[in-house]
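*Asks:* whatever this is, show me its structure:
(chains A, B and C)
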Amino acid sequence: MDKDTDAKGEGIISRMALNDNKAGMEGLDRDKINAIIMEASKGSRFYENELKRDQQVNQRIEKMMRQKASITEEQLQKAQLKVENMVTELEKHRDLSRVIVHVDMDAFYAAVEMRDCPELKDKPMAVGSMSMLSTSNYQARKYGVRAAMPGFIAKKLCPNLVIVPTNFDKYRAVSKEVRAIFSEYDPNFQPVSLDEAYLDFTEHLEQRKSWPESACTHYYSNRTNNNGEAQMEPVDTTEVTDLSPVLFEDSPSSSPVLTSCGSEANVGKMFEVFGTSAEEAVREMRFRIEQKTKLTASAGIAPNMMLAKVCSDKNKPNGQYRLPPTRDAVMDFIHNLPVRKVPGIGKVSEKMLKALGIYNCFDLGQQMVLLSLLFSETAWHHFIELSLGLSSTFIPRNEERKSMSTERTFKELSHPEEQFALCRELCEDLAEDMKKEGLKGKTVTVKLKNVNFEVKTRAMTVQCAVATAQEIYAIAKDLLNTEIENVAPHLLRLRLMGVRVSTFVSIEDKRPLQKSIVGFFHQGKKDYSAPGGSLQEPSQKLEKPNFLRQNKEDVQEEHKTSDKPKLSFFQMAQAKRLQVEAAKAASQNIDTMEKPCTSVNNEQSNNEILTEKLAPQNASLLIKDQNKRQKVSPSPQPQPSTSGCGIPSSEGLTCPVCFCQVKTTNLNIFNNHIDLCLKGATTRPDQNTDSESDLSSQNTDTQFFIPDKHNLEENKKTEVFKQDFSKINPQEGYKNGNSALDSHDDIGSEQPKSCDDKCSILICPVCHKTQDTNDLTAFNHHVDLCLNQEVLHKLEQQTIMPEKPVLVTVTNNKGTVSNPPMRKTTKGKTKRRDSPSSPPSKKAKGHGPRNTIDQFFR
DNA sequence: ATACATACC
DNA sequence: TACTGGTATGTAT
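*Replies:* Below is the predicted model:
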């Protein structure tokens, strides 16, 4: 229509241009900066995609405007009442009694780097890479350089910009120190990211009233020559003491804020005494942070979280702002507050509101009736609270996570083989992460971004929760496969792939998993029908649960301990992981072309030996095939009989599943063996060994697919990002906080061999739930049921979603399968023909596969 | 339940 | 040369 400005691409500025709403961006030459950004971006695929997305937003706006035009007087009156009632109701419950504080470290990563490298202090610098910056210091911000900007553009804005790679471990360590201080003011504080948190100071302030002055006295850390013992703050003596960072000479702080300890007024002073007010307490906290870390923080004090957050930005950097807890003060504060400053209102909402003439929170209140008619209920409810300066007055405790994912960006990846390999690797990584938290989920989502930056997600929910890499991959690869087939004969030209697991099933006790499972095998081995017989009978002759008994006779005779078997799924995962780690180790070796295999991560401590030994062989294979971009070729590889290349053996390789010696040095043969072992543990032999073709069709899945990292040119970069962004992850709190590593990284304990602990807690090794019984019979019964389910499920997947092309049309609305039913249908092949033809029946919005694809790859 | 968009750091 | 990664949530179907 008449979006003359937007259509011409000028509206895109709201997406592309810098946000000067953050601190440190005052008085910039915006136009010049934007011109440079545009110049650097124009024509790129990224830019084109942004344009497209902007058009979508414009359409939303147009739709909204049309809606607005059709509003009747009657509707308005009705809405008016509704809004008024809502307002009075909300006012009635306004709570100004809490003292909420939001603390935010100033330019955190950049500040850490500057602290540790004085050279950087007087230079514009940023942390990140040429592809993406995490943050920038205030000097760089003067040039328009800021977080989330690609480094190469930042360089154009500021040619002298110094870009420092991220050092996540360091930031995390600093964060830990800071959080230790937070917890003294509010033990239940909520971290938002490594550098940011919400605290409820109410309690602290109550207690503080009666504190002696000594409790409110805090020392400078770099001026305590002799009386260190009198200090409240432990001083890290290894720290250089003259770093006192006047990081922000031009701090705009207008409120009475602690001056930097290097300033004239404070020279020679050894300590500070703080008062009992909220401001004093927060000042004190910031002082302690600075003394401890040599870094500054900013804070906001207000009666609720939203206001506190906005306030913390007000006097940043190295400042604080308190909004008095009165309605007048709040309303006054809100009045001129641009909506974009409010957490939760981003570019798009801002643009939509702007189209309605709404710029600040006052406007928001004025237009509430209209908004209530144009936006969803949740949206306008949020708006109305906002316009009244209301939000949560208590800080919610960190709840359980709802999903876990991993994704990776790389240089174009188009070959299905590589895509599957990558997918598999992602599943491995994800499974590993999930294991640390003992999670199992029912929904697997694959995310794909093509080289045009168009994003697609494909999800499938299954009956039984999945946790291991294999289980996840079994689903993910089908989702991926469906997409690949849908665009055939074209290739999926990907730039990013991700895998996510969600819909977690509750697991009551995740920690004692390792030990308990061993205990379980020792206890329950007898027979699932036998009650608490010999609780600690030596593990010579365990019986499998009924279900698995038929599986692996073959393996059993080779190795006595192979009966442990039932090889819990954890063990399978572990075995698989060993494979993968070996592969990783191998490819790493190639990366550096010299790094000895001992360069494998330390965390692998327990299986390091194994990986080390595997690595050389893998490496040689990899090198051979490096240019082919193919999985390890199945043809016999003349291997120099590198003695001791296998797992602990000198004449072959030891299978991590059955622990048998496989007398070969050919990795392919070995891999096949492992795969058979793994399959054997979960599926009927006849299902996967029936024919040659069947086997070969599963190669993708079962063989070592060694991702060719060298073709992922971005790999190194992205690894960096993976690190430094996980830190900002809001979930970081509990992610970090758990000590799962302690028990779960000890993979040795997963191997029945090395474990003789017995455990009296009964935890089902399948569903991971603590069983509320001491009765072994009942427990065994439960386990059998669980296994039944699990195995059935797996069989189901084998049948319905065979390796090759199954084509469960996930995207098909309702009708077709998205969730394999538990019955064994005939082979999925018939289905597969059916479903693609069904799209014609789709109604309304064509969002069936075809349409999507057309869009995706035009 | 699935897909896509928005938001946050 | 080059535009992140992890999570939550809202909206629409």
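
*Asks:* now do the contacts for the closest residue to residue A:143 other than its chain neighbours.
*Replies:* Among residues not flanking residue A:143 along the chain, residue A:158 sits closest, at 3.7 Å (Cβ to Cβ, 6 or more residues apart in numbering). C-betas here are computed from N, CA, C, even on glycine. Contacts for residue A:158 were tallied using Cβ atoms under 8 Å, 6 or more residues apart in numbering; they are A:124, A:140, A:143-145.

*Asks:* out of those residues, list just those in helices.
*Replies:* residue A:140 (DSSP state H).

*Asks:* read off the pLDDT value for residue A:6.
*Replies:* On pLDDT, residue A:6 comes in at 41.

*Asks:* same question, residue A:616
*Replies:* For residue A:616, pLDDT reads 24.

*Asks:* equivalent analysis for residue A:800, please.
*Replies:* pLDDT, residue A:800: 25.

*Asks:* residue of the stretch 101-250 of chain A closest to DNA strand B, please.
*Replies:* Per Cβ to the nearest atom of the strand, residue A:193 is where the stretch 101-250 of chain A lies closest to DNA strand B, at 3.3 Å.

*Asks:* give me phi/psi at that residue?
*Replies:* Reported as degrees, to the nearest 10, the phi and psi values for residue A:193 are phi -160, psi -170.

*Asks:* so what's it bridging to?
*Replies:* Beta bridges link residue A:193 to residue A:196, judged by DSSP bridges.

*Asks:* give me the contacts around stretch A:69-78.
*Replies:* Under the criterion Cβ under 8 Å, 6+ apart, residues A:369-370, A:373 lie in contact with stretch A:69-78.

*Asks:* and these, which is closest to DNA strand B?
*Replies:* residue A:370 (18.1 Å).

*Asks:* the closest one touches residue A:67, doesn't it?
*Replies:* No - using Cβ atoms under 8 Å as the test, residue A:370 is too far from residue A:67 to be in contact (10.1 Å).

*Asks:* between these two, which one's more packed in?
*Replies:* Between residue A:370 and residue A:67, residue A:370 has the larger neighbour count (other Cβ atoms under 10 Å), namely 18 against 11.

*Asks:* next SSE after the helix or strand that contains the more buried one?
*Replies:* Assessed by DSSP states H and E, residue A:370 sits inside helix A:368-374. Sequence-wise, the next helix or strand downstream of helix A:368-374 (DSSP H and E) is helix A:377-387.

*Asks:* now that next one - C-alpha only, PDB.
*Replies:* The C-alpha trace of helix A:377-387 is given here as PDB (Å, rounded to 0.1, in the frame of the first residue of the first chain):
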ATOM      1  CA  GLU A 377      -5.000 -10.700  25.600                       C
ATOM      2  CA  THR A 378      -1.600 -11.600  26.900                       C
ATOM      3  CA  ALA A 379       0.000  -8.900  24.900                       C
ATOM      4  CA  TRP A 380      -2.300  -6.100  26.000                       C
ATOM      5  CA  HIS A 381      -2.300  -7.300  29.600                       C
ATOM      6  CA  HIS A 382       1.400  -6.900  29.500                       C
ATOM      7  CA  PHE A 383       1.100  -3.500  28.000                       C
ATOM      8  CA  ILE A 384      -1.400  -2.300  30.500                       C
ATOM      9  CA  GLU A 385       0.800  -3.400  33.400                       C
ATOM     10  CA  LEU A 386       3.700  -1.700  31.800                       C
ATOM     11  CA  SER A 387       1.800   1.500  31.300                       C
END
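
*Asks:* check contacts around residue A:65.
*Replies:* Neighbours of residue A:65 in contact, by Cβ under 8 Å, 6+ apart: residue A:355.

*Asks:* the strand or helix carrying it - what's its average pLDDT?
*Replies:* If you go by DSSP H and E, residue A:65 is part of helix A:45-69. The average pLDDT within helix A:45-69 is 97.

*Asks:* coming back round to it: neighbours of the residue of the stretch 101-250 of chain A closest to DNA strand B, how many?
*Replies:* Look at residue A:193: counted by other Cβ under 10 Å, it has 19 neighbours.

*Asks:* show me the helices in the stretch 101-250 of chain A, by range?
*Replies:* With DSSP state H, counting those that start in this stretch, the ranges of helices along the stretch 101-250 of chain A come out as A:108-116, A:138-141, A:151-157, A:168-185, A:202-208.

*Asks:* oh, I was asking about the stretch 301-450 of chain A
*Replies:* Under DSSP H, counting those that start in this stretch, the stretch 301-450 of chain A gives helices at A:305-314, A:327-335, A:347-355, A:361-366, A:368-374, A:377-387, A:416-437.

*Asks:* so what secondary structure elements neighbour the second one?
*Replies:* It stands for helix A:327-335. Helix A:327-335 is packed against helix A:305-314, helix A:361-366, with contacts defined by 3 or more Cβ pairs under 8 Å, 6 or more residues apart in numbering; DSSP states H and E.

*Asks:* so the last one, near DNA strand B or not?
*Replies:* No - interface with DNA strand B: helix A:361-366 contributes nothing (Cβ under 7 Å from any atom of the strand), its closest point being 13.7 Å away.

*Asks:* ok, back up a step: any chance of TSV for the helices and strands packed on helix A:327-335, columns mean pLDDT and distance to residue A:398?
*Replies:* Below are those laid out as TSV (pLDDT from 0 to 100; distance: least, Cβ to Cβ, whole Å):
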stretch	mean pLDDT	distance to residue A:398
helix A:305-314	98	14
helix A:361-366	97	29
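
*Asks:* out of those helices, deepest packed?
*Replies:* The highest average neighbour count among the helices and strands packed on helix A:327-335, using mean count of other Cβ atoms under 10 Å, belongs to helix A:305-314 at a mean of 24.

*Asks:* now for it, which elements pack on it?
*Replies:* Counting by 3+ Cβ pairs under 8 Å, 6+ apart, helix A:305-314 packs on strand A:100-105, strand A:196-200, strand A:297-302, strand A:320-322, helix A:327-335.

*Asks:* would you turn those into CSV with mean pLDDT, mean neighbour count and distance to DNA strand B?
*Replies:* Putting these into CSV (pLDDT from 0 to 100; neighbours: other Cβ atoms under 10 Å; distance: least, Cβ to the nearest atom of the strand, whole Å) gives the following:
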stretch, mean pLDDT, mean neighbour count, distance to DNA strand B
strand A:100-105, 98, 26, 8
strand A:196-200, 98, 23, 5
strand A:297-302, 98, 28, 12
strand A:320-322, 98, 25, 16
helix A:327-335, 98, 16, 16
